[in-house]
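S.K.: Please work out how this folds:
(2 chains)
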Amino acid sequence: MASNPVPKNVVTVNQKLVLLGDSAVGKSSLVLRFVKDQFDDYRESTIGAAFLTQTVPIDDSTSVKLEIWDTAGQERYKSLAPMYYRNANCAIVVYDITQASSLEKAKSWIKELQRQAPEGIIIALAGNKLDLAHERRAVEKSDAEAYAAEANLLFFETSAKTAENVNELFTTISKKLPLEDKLNQARGNAPRGVNLSESWPNPPSGGTCAC
Amino acid sequence: MSGLEQLDIPEMTDVEDDTVDIRIDKSRVALLFSKSKVCIHPTTKIKDNISGYLSLSKTKTNSGTPLTGNDILLSWVPDSFLKSRPRDLNVFRTAEASTESDLKQLVEIPDHLDYSFSIRLNSIYSILFRPPKYGWNYGSIVINLRNSGESLPPLFFHDDECSSTIEYSRRIAKDHFDPFDENGNIFWGGTHLIMHLKKYINLEHSTHEPQLYLVNPSPEDTLAFQSHDLSHVDSPTKQGFSDPVPSPKKSQSYLNPFRRAFQDLSFTVLERFSRVTNYGKSEVDKLMDHKVTKSLLPHFPREVQVLFESKRLQNLTEEYDPARIFLAKWAAGVVENSDTNITNATSDAGLLSEQQQEEDSSLGPFELVYFDERVKRGEPLSVDQWKSSFNSEGRLMVNIDYLLGIIFHGGMVPSLRKEVWPFLLDIYPWDSTEQERKALYLSLQDEYIRLKRRWYDDIPRQFNDRSFIEQKNRIEKDVHRTDRQHEYFQEEDLPHPDPQSTFTGTNLHMEMMKDMLLTYNEYDTELGYVQGMSDLLSPIYVTFSDNALAFWGMVGMMKRLHHNFLRDQSGMQRQLETLRQLIQLMDKELFIHLEKTDSSNLFCFFRMLLIYYKREFDWEILLKLWDVLFTNYLSYDYHIFIAYAIAERHREVLLNQTHAFDEVLKYFNELSGRIALEPTLICAVHCFYQFKQTVSLIDRKRQEQNENNEEASKSLPVITPYLRSLLSKKPPHYGGTNN
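M.R.: This is a model prediction of the structure:
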């Protein structure tokens, strides 16, 4: 697993992050840029889910190891999403600034998360493909920003292609995570992995979970 | 092996020594049994293998009394030694080929040369027989000596190259039409050896471990191997030692023996050693000295054996963990190595297989299955074979199953796919004539154009129908990121037809793909276009290079995979559940591990099953897999067996190195492009037959119990309708999602 070298006296807390959003808005590309600092013009669509990890230093004594779940975007696979956000600590909902409809999809994901995901989940809204802003912007930054503020979300416009704001997005969301409890635990044993329900694809009945 | 130095001490009367030098005429013996291609594998590399002859020979001359274990030598001689002795080589060959041994021809058995040995049968304490595993590893034996407690290096039976094993299996297959015996065991070189050993010595199964045979066991030995007796070491925690080797369970007898030998023995024992840390040194020594432990030692990799030999048992606490990690890595290495090994072995065996193909052309397909599944796959269907299967009218004149069998076992030469796939994908009926197919093609072409024009000519719809536009955009995006590395889709030599599009360039093939997928979106009113379909179409399109054929090929493909794309995921759920039940039935240990790691939903196989392994293999290899899957030769759901085979081939790593769902998923995701197809296919055939046999055994048992009005039938595993449907060559019904 990819991770930055972490000095020995630093406590690392595992946190689960899930990426959601319409297909082809750049979810996998954001992860690829963040984890491997690469970009692929014709990145194949994600089938099922991909899993990657990256460690984000928070301060001198703390790091967050993000366990990133990258999901398939098409609505047809929507029933699988609860498997991924069920125990998530944070989520990035991505839209494409050149596709107005993708913001609508993002909004519906956010509604679902706020209804179904664990309480206290940190959600960021990311408008991707900022490199195309001059030629084909279809969503005004101010509109999306206003929506994000209203819905209490972190907000960034990003470009996986140019890397603009990508690290900022992941770092900010990591720093926003409430780590106090985890830090106390982590001196002992940080929980390994995620505990996913086997009852997929039925969405969980309530939003409560052990996290 | 250090012990080899001690072999061949010329003192036949000294019973304290394991070895003999007594030979007829001092250095020459008469062969009773000879087997070629029995090899020592000093390292994991094929090039280091040392091939030789294993033989039984007589040391006694002209005596009326029957031969006993004291009179018979078990010897192994490397081929290199016989190279310079053509006459002796000939005697070994003749002895192997004939059932009657010609005792007049004597051969020389060398003293210590490489790994060669010669021991009296009576000096053997036990022999461990490890049958071949799923075709990729060879069956082997390990001989444990009586007095020294030493083990000789494992001898591997290269059955695929051994003339006597091939000949004998062929005879069995002819007589029984089934390569397995009633216990589900396959005939291999080791079986052959047992048959001959039994003529001279009493070979007794250990009840602890069915692969372990005791040679002329004393009553004490027999007891030790039957009563699980380690009571003298255990008083503090009796549980910990009460069962040093798991007693053979019925369900386990279908598991492959290599795995059991490794998992059940090595790991169980290592695990128990880990608990040894609670005891004093003397208890540990007692455990180490116990016969059962000694008999297990040969199962361990060399490095672990060294650990045990090192006499640093008091440090076992510290050594245990490195040993565990080592074993996990070793297991991973075996998977990787075996993939390369089998590739080499397959190409090495290429010549042999060609010869066999000719010799065996009169044999039925079942016998071909038998040979192929063990070592290598068949030859691909050739153009000549294909052409000669049709009469002058162009109607198929051979049995369809025969043809499908060839494709199933060996695929087809790539140039044939364009002709054969239309049959496999249900475009052309198998009983059609050439002329009928030409007519059919024309009408299918018309039909495709008609379907396409339904949306193509509907300009208002193209501009106003929101759902149509949404689907069109989705297809656009997916086609522009499907197989872009393939030469068909690489270049962007045309400007995009829609100046508003985010894509600036395109090419003819991408535009054709978009048209076909949009037409399919209209054609399949239930599903429409769903992400993943572009992955399915692209190999079909490239193979046919014809729009109409590709479109109807896609339709044929989707008949197979329709249920994969249902909105409620019931089709995927059903398949993953079937796979789950298959693993539960066939490999309890792996199943329990998957449950422990929250992975028993088998979501890690989602992508593989959804798009028929499209993302798991490189292009050409994928086409080979599809050749096999399209035949439905053994099962309509054969792709489930492929999944099971992949899991089985990686089970050691899964068991030892994955601890949570995310790790399991990541492991499977990262297998993409790294799965060796040939050994996986060979393994899948084995899995299928093992499963089939398990089902029929359970059925038979249940029937017997019912007839006898026994209540025990509840304890038999249940063969659910899902599992039973795996044996069907017809599409299953997807009516309900319950089993």
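S.K.: ok, longest strand in chain B?
M.R.: Of all segments of type strand in chain B, defined using DSSP state E, the longest is strand B:28-40.
S.K.: List the neighbouring strands of it plus their orientation.
M.R.: When pairs are called by DSSP bridges, strand B:28-40 turns out to pair with strand B:50-58 (antiparallel), strand B:106-108 (antiparallel), strand B:155-157 (antiparallel).
S.K.: so which of those strands is the most packed in?
M.R.: The densest packing among these, expressed as mean neighbour count by mean count of other C-beta atoms under 10 Å in any protein chain shown, is seen in strand B:155-157 with a mean of 25. C-betas here are computed from N, CA, C, even on glycine.
S.K.: So for that strand, mean pLDDT?
M.R.: Per-residue pLDDT values across strand B:155-157 average out to 90.
S.K.: Equivalent analysis for stretch A:122-142, please.
M.R.: Per-residue confidence for stretch A:122-142 averages out to 96 on the pLDDT scale.
S.K.: again with stretch B:421-428
M.R.: 97.
S.K.: Contacts for stretch B:540-553, please.
M.R.: Outside stretch B:540-553, the residues within contact range by C-beta atoms under 8 Å, 6 or more residues apart in numbering or on different chains are B:417-418, B:421-422, B:425, B:427, B:441, B:444-445, B:447-449, B:451, B:486, B:488, B:509, B:512-513, B:515-516, B:519-520, B:537, B:554, B:557, B:623.
S.K.: Also stretch B:114-123?
M.R.: With C-beta under 8 Å, 6+ apart as the contact definition, stretch B:114-123 has outside contacts at B:1, B:4, B:7-8, B:17-20, B:40, B:42, B:50, B:52, B:56, B:59, B:68-78, B:80-81, B:109-110, B:143, B:145-147, B:152-153, B:197, B:200-201, B:215-216.
S.K.: Listing request: residues of the stretch 251-400 of chain B with sub-threshold pLDDT.
M.R.: Counting by pLDDT under 70, the stretch 251-400 of chain B contains low-confidence ranges at B:251-376.
S.K.: Pull out the buried residues from stretch B:189-199.
M.R.: Using 16 or more other C-beta atoms under 10 Å in any protein chain shown as the burial criterion, the residues of stretch B:189-199 that qualify are B:189-193, B:196-197.
S.K.: hmm, back to that, from the contacts of stretch B:540-553, which would you call buried?
M.R.: Among these, those scoring as buried are B:417, B:421-422, B:425, B:427, B:441, B:444-445, B:448, B:451, B:488, B:509, B:512-513, B:515-516, B:519-520, B:537, B:554, B:557, B:623 (criterion: 16+ other C-beta under 10 Å).
S.K.: Contact residues of chain B facing chain A?
M.R.: On the criterion C-beta under 8 Å from any C-beta of the partner chain, chain A has as its neighbours in chain B the residues B:470, B:474, B:477-478, B:480-482, B:484, B:502, B:530-532, B:534-535, B:565, B:567-569, B:573, B:597-598, B:600-601, B:603, B:606-607, B:610-611, B:615, B:659-663, B:665-666, B:669.
S.K.: Just give the number of residues close to the residue in the stretch 601-739 of chain B that chain A sits nearest to.
M.R.: When you check the stretch 601-739 of chain B against chain A by C-beta to the nearest C-beta, the closest residue turns out to be B:A660, at 2.6 Å. By other C-beta atoms under 10 Å in any protein chain shown, the residues close to B:A660 number 19.
S.K.: what does B:E663 give?
M.R.: As a burial measure, the neighbour count of B:E663 was computed by other C-beta under 10 Å and equals 19.
S.K.: what's the answer for the one 10 residues further on, then?
M.R.: Neighbours of B:G673 under the rule other C-beta under 10 Å: 10.
S.K.: go on, the one 5 residues further on?
M.R.: The local packing count at B:E678 equals 19, with neighbours defined by other C-beta under 10 Å.
S.K.: ok, now B:L508?
M.R.: For B:L508, the number of neighbouring residues by other C-beta under 10 Å comes to 11.
S.K.: before we move on, what about B:H563?
M.R.: 18.
S.K.: so it touches B:Q573, yeah?
M.R.: No: between B:H563 and B:Q573 there is no contact under C-beta atoms under 8 Å: 9.7 Å.
S.K.: excluding its backbone neighbours, what's nearest B:Q531?
M.R.: Across the structure, with C-beta to C-beta, 6 or more residues apart in numbering or on different chains as the measure, the residue nearest B:Q531 apart from its sequence neighbours is A:Q74 (4.2 Å).
S.K.: which SSE is the residue sitting nearest the centre point of chain A in?
M.R.: Using C-alpha atoms, centre = their mean, the residue of chain A that lies closest to the mean C-alpha position is A:I92, 3.1 Å off. Using DSSP states H and E, A:I92 maps to strand A:90-96.
S.K.: moving C-terminal of that strand, what's the next helix or strand?
M.R.: If you walk from strand A:90-96 toward the C-terminus, the next helix or strand you reach (DSSP H and E) is helix A:100-116.
S.K.: Please tell me how far the following helix or strand past that following helix is from the chain's geometric centre.
M.R.: In the C-terminal direction, the helix or strand that comes right after helix A:100-116 (DSSP H and E) is strand A:122-128. Per C-alpha atoms, centre = their mean, to the nearest Å, the displacement of strand A:122-128 from the mean C-alpha position of its chain is 7 Å.
S.K.: that older thread, the residue of the stretch 601-739 of chain B closest to chain A touches B:L594, doesn't it?
M.R.: No: with contact defined as C-beta under 8 Å, B:A660 does not count as touching B:L594 (11.3 Å).
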